[in-house]
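> Predicted model and sequence follow; I will ask about them next.
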Amino acid sequence: MADTAFTNRNGKEKNMNEETKSTDAAFPVGDNFGGGLTKREYFAAAALASLITQNISTYEAVAHEAVRIADELIVRLNMPNG
């Protein structure tokens, strides 16, 4: 089995088999996450960038779909072999 651990740029060891959590920092700095975007927020923003070009009737519908996509991505990332 291949080694799935690595040391990030802050010197903290990370195992690639660890579950992705929606509350994890999208861009962590050091051991503390003192603000900024969560992974869920970051994924939703990325989806939103594409969704706003679609013909979706309301901003509420666009936001709902962006969050649904973000949540599904987190689920998929936690599946074996993503």
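Received it, and whenever you're ready, just let me know what you need. Note that the structure is predicted; figures quoted are calculated from it, not measured.
> C-alpha from now on. contacts and neighbour counts both.
OK.
> Residue 63 is in what secondary structure piece?
helix 59-77 (DSSP states H and E).
> Tell me which other helices or strands that helix touches.
Packed against helix 59-77 by the contact rule (3 or more Cα pairs under 8 Å, 6 or more residues apart in numbering; DSSP states H and E) you find helix 39-51.
> what's the helix it packs on packed up against?
helix 59-77.
> can I assume residue 44 is in contact with residue 64?
No: contact criterion Cα atoms under 8 Å: residue 44 and residue 64 do not qualify, at 9.3 Å.
> Which one of these two is surrounded by more residues?
residue 44 (21 against 13; other Cα atoms under 10 Å).
> For the more buried one, give me its contacts.
By Cα atoms under 8 Å, 6 or more residues apart in numbering, the contact set of residue 44 is 66-70.
> Now list the buried members of those residues.
Buried residues within these, counting neighbours by 16 or more other Cα atoms under 10 Å: 66-67, 69-70.
> Quickly name whichever of these is closest to residue 25.
Comparing the buried ones among the contacts of residue 44 against residue 25 with Cα to Cα places residue 70 closest, at 14.1 Å.
> give me every residue that touches that closest one.
40-41, 43-44, 47.
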